[in-house]
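Peer 1: no FASTA, just this:
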DNA sequence: GCCGTTTTCGGCCCGACTGTTTTCAGTCG
């Protein structure tokens, strides 16, 4: 059975094939927009098609609705079949080669019969590409180098990786004399979970020394472009970093422009256009080409009749409408977090003692800290048997009696067994302050069975938190098949907080689904899943996800003080009948 | 192909850089 993500992937594929076959950019864009809309769904796409609700979603018109209907019923639709006949699948791979767009792909396919990256590489080595119209020696060399790079690297990076690699470069260009302002923009500023490239924006009276510094870092492997306002480099890690230099009076426009997303920008510019204005990275121009002076992004939004939209929300998922209607959320901030749950100690697979982990929480200014070591079935991770759980309880009690600044809560991360039961008897679970229930095995279970398994675990009154709800590992493995709609509803029914696992490898629950959970009033909790003292600070990546999911302080369990957490757990126990 | 404060047709965001060109197409973001 096709999932929403499968459908979105096919719609994207159609968009790409339309580009290659020379359809208008608008038709192609329509499929891309539809794919974007489908990716956001949390309700089963099958249900939405059956009820016709899908047709009401912006971006899904009569024609694409019918295509999706056919796709779900028969596994394909006429246009898709037609395009797949016209464009072999391996041709699409060529688009992943930097510098190869639809026009060039079509040209090499039509004239040289090249229909894969391997063919393209061979043709390049044989010098055949350079002879094509619009190509040349340099283009041929660039394509060969791009293929090399593609083979060597994944192409996308974790948010944390990109940020760590960008920091020294940002600091370096910021220290060039004449640089007055600097900002990381792009998807990094929007706190996307993975990053394609890093965008840095700088204000400088003279761009040249900035470009010189930027292109000469030790970590720069190659310089892709170097102009008076824009340069682009590839680091030895394979990460691409772009730098733009603008004037002081352009900064607000440029920071908005380069922060994106592309979809958000398109909507914003369309709005400006309707107001008789033209917006680009240099200004907001009226019919006489006079730019509105906007000192910051807030002024720019205000000029367009909008409330300030935080970077994390700029994904064109309704934020512009909400900004117009003054209904944007007051987003949660890092400083709202008073503590975390679900951290590991060296009793299971963590590297530090409980006391050391609590010290790390203290250093972050947290008021509480909650453990979440693995349970006994997780033998590979040194999971705690019942005696070890009780020994840890004594350790927690002793720390609390010692009266440090940080209150310590005692929880475990209990494996959800194949049948949905938890990993300890009820009386042992009852001795804990809370239980984080997580799936760590049998990922390949079918959706219906996996959903039943997880819902059963959530229905256990001792389960307070559902850990990493989909089990995905970014850039490595997709989450297991699970009906998130059902899980979200169960979270409300059984009063289970859904975890935003803030570990940069996970960031699970995904921000796209966080919002759906919020909309029905599910409680969210942000946990670092820390395995050493440094990783407690990962909670900030989770705050980024929460903000992208439109969460406010009140939506998140760990914005509460220790006494409020105690009260919540106590009252919850009463409501769940285990007091 | 989608959509509507320009509403059922006629629009649909905008600019930098490169490499190929002698004025611009393609790609990228």
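Peer 2: Okay, I see it. Please read these numbers as outputs of a predicted model, since none were measured by experiment.

Peer 1: hang on, residue A:60 packs against residue A:68?
Peer 2: Yes. Using C-beta atoms under 8 Å, residue A:60 is in contact with residue A:68, at 7.5 Å. Bear in mind the C-beta positions are built from the backbone N, C-alpha and C, glycine included.

Peer 1: What's the separation between the residue nearest to residue A:42 when sequence neighbours are not counted and residue A:469?
Peer 2: Among residues not flanking residue A:42 along the chain, residue A:516 sits closest, at 3.9 Å (C-beta to C-beta, 6 or more residues apart in numbering). Between residue A:516 and residue A:469 the computed distance is 12 Å (C-beta to C-beta, to the nearest Å).

Peer 1: With residue A:302 instead?
Peer 2: To residue A:469, residue A:302 is 38 Å away according to C-beta to C-beta.

Peer 1: Looking at those two, which is more packed in?
Peer 2: residue A:469 (27 against 14; other C-beta atoms under 10 Å).

Peer 1: For that one, give its distance to residue A:416.
Peer 2: 11 Å.

Peer 1: Any chance you could list residues touching both of those two?
Peer 2: Shared contacts of residue A:469 and residue A:416, defined by C-beta atoms under 8 Å, 6 or more residues apart in numbering, comprise residue A:454.

Peer 1: What residue in chain A comes nearest to DNA strand B?
Peer 2: Across chain A, the shortest distance to DNA strand B (C-beta to the nearest atom of the strand) belongs to residue A:136, at 1.7 Å.

Peer 1: And what about residue A:305, helix, strand or coil?
Peer 2: coil (DSSP: H, G, I helix; E, B strand; the rest coil).

Peer 1: Who are the contact partners of it?
Peer 2: By C-beta under 8 Å, 6+ apart, residue A:305 lies in contact with A:275, A:324.

Peer 1: ok, the residue nearest to residue A:42 - contacts?
Peer 2: With contact taken as C-beta under 8 Å, 6+ apart, residue A:516 is in contact with A:42, A:484-485, A:488.

Peer 1: you'd agree residue A:455 is up against residue A:488?
Peer 2: No. Using C-beta under 8 Å, residue A:455 is not in contact with residue A:488, being 10.8 Å away.

Peer 1: Look at those two and report which has more neighbours.
Peer 2: Under the criterion of other C-beta under 10 Å, the comparison of residue A:455 against residue A:488 puts residue A:488 first, with 24 against 21.

Peer 1: Make CSV from the contacts of residue A:516 and add pLDDT to it.
Peer 2: Shown next, in CSV, are those (pLDDT from 0 to 100):
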residue, pLDDT
A:42, 74
A:484, 92
A:485, 92
A:488, 96
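
Peer 1: Out of those residues, which comes closest to residue A:410?
Peer 2: Of all these, residue A:488 has the smallest distance to residue A:410: 27.5 Å, by C-beta to C-beta.

Peer 1: part of a helix, is the closest one?
Peer 2: Yes. Read with three-state DSSP, residue A:488 is one of the residues of a helix.

Peer 1: okay, the nearest residue to it once chain neighbours are set aside: pLDDT?
Peer 2: Excluding its sequence neighbours, the residue lying closest to residue A:488 (C-beta to C-beta, 6+ apart) is residue A:517, at 4.8 Å. For residue A:517, the model assigns a pLDDT of 95.

Peer 1: And residue A:430, by the same measure?
Peer 2: Reported pLDDT for residue A:430: 95.

Peer 1: Just give me the neighbour total for it.
Peer 2: So residue A:430, with other C-beta under 10 Å, has 14 neighbours.

Peer 1: is it true that it touches residue A:577?
Peer 2: No. Contact between residue A:430 and residue A:577 fails when scored by C-beta under 8 Å: they sit 11.7 Å apart.

Peer 1: ok, which stretches of the stretch 301-450 of chain A are helices?
Peer 2: A:319-324, A:354-363, A:386-402, A:426-430, A:447-459 (DSSP state H, counting those that start in this stretch).

Peer 1: Mind putting the ones you listed into JSON lines with distance to DNA strand B?
Peer 2: Shown next, in JSON lines, are those (distance: least, C-beta to the nearest atom of the strand, whole Å):
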{"stretch": "helix A:319-324", "distance to DNA strand B": "9"}
{"stretch": "helix A:354-363", "distance to DNA strand B": "36"}
{"stretch": "helix A:386-402", "distance to DNA strand B": "48"}
{"stretch": "helix A:426-430", "distance to DNA strand B": "48"}
{"stretch": "helix A:447-459", "distance to DNA strand B": "27"}
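
Peer 1: Residue A:180 is in contact with residue A:204, isn't it?
Peer 2: Yes. With contact defined as C-beta under 8 Å, residue A:180 counts as touching residue A:204 (6.9 Å).

Peer 1: quick one, which of the two is more surrounded?
Peer 2: Applying other C-beta under 10 Å to residue A:180 and residue A:204 shows that residue A:204 carries more neighbours, namely 22 against 12.

Peer 1: which ones are touching that one?
Peer 2: By C-beta under 8 Å, 6+ apart, residue A:204 lies in contact with A:176, A:178-180, A:210, A:245.

Peer 1: which outside residues touch stretch A:142-153?
Peer 2: Residues from elsewhere that reach stretch A:142-153 (C-beta under 8 Å, 6+ apart): A:96-100, A:117, A:120-121, A:124-125, A:129, A:222, A:234, A:237-238.

Peer 1: Tell me if that stretch is near DNA strand B.
Peer 2: Yes. Using C-beta under 7 Å from any atom of the strand, we find that stretch A:142-153 touches DNA strand B at residue A:142.

Peer 1: Name the spans of the stretch 301-450 of chain A whose pLDDT lies under the cut-off.
Peer 2: For the stretch 301-450 of chain A, no stretch has pLDDT under 70.

Peer 1: top of the contacts of residue A:204 by neighbour count?
Peer 2: For the contacts of residue A:204, neighbours tallied by other C-beta under 10 Å; top is residue A:245, 27 neighbours.

Peer 1: Could you confirm it falls within a strand?
Peer 2: Yes. Counting by three-state DSSP, residue A:245 is found in a strand.

Peer 1: Give me the phi and psi for the residue nearest to the spatial centre of chain A.
Peer 2: The centroid of chain A falls nearest to residue A:193 when counting by C-alpha atoms, centre = their mean (2.9 Å). Main-chain dihedrals, residue A:193, degrees, to the nearest 10: phi -70, psi -30.

Peer 1: Compute the distance between it and residue A:487, please.
Peer 2: Applying C-beta to C-beta to residue A:193 and residue A:487 gives a distance of 19 Å.

Peer 1: Look at the closest residue to residue A:233 other than its chain neighbours and report its pLDDT.
Peer 2: Of all residues not flanking residue A:233 in the chain, residue A:220 sits nearest, at 4.7 Å (C-beta to C-beta, 6+ apart). Note on residue A:220: pLDDT of 90.

Peer 1: One more: the one 3 residues further on?
Peer 2: pLDDT, residue A:223: 88.

Peer 1: Could you name the specific helix or strand carrying it?
Peer 2: Per DSSP states H and E, residue A:223 falls inside strand A:220-226.

Peer 1: ok, that strand: who's next to it in the sheet?
Peer 2: Strand A:220-226 has these partner strands in its sheet, going by DSSP bridges: strand A:230-235 (antiparallel).

Peer 1: Return the mean pLDDT over the strand it pairs with, rounded to an integer.
Peer 2: Rounded mean pLDDT across strand A:230-235 is 90.

Peer 1: May I see the buried residues of that strand?
Peer 2: A:231-235 (16 or more other C-beta atoms under 10 Å).

Peer 1: residue contacts, residue A:4?
Peer 2: For residue A:4, the contact set (C-beta under 8 Å, 6+ apart) comprises A:38-39, A:41, A:44-45.

Peer 1: what's the distance between it and residue A:44?
Peer 2: Residue A:4 is 8 Å from residue A:44, by C-beta to C-beta.

Peer 1: Repeat that for residue A:111.
Peer 2: 45 Å.

Peer 1: Next, count neighbours for residue A:367.
Peer 2: For residue A:367, using other C-beta under 10 Å, the count is 18.

Peer 1: Lovely, talk soon.
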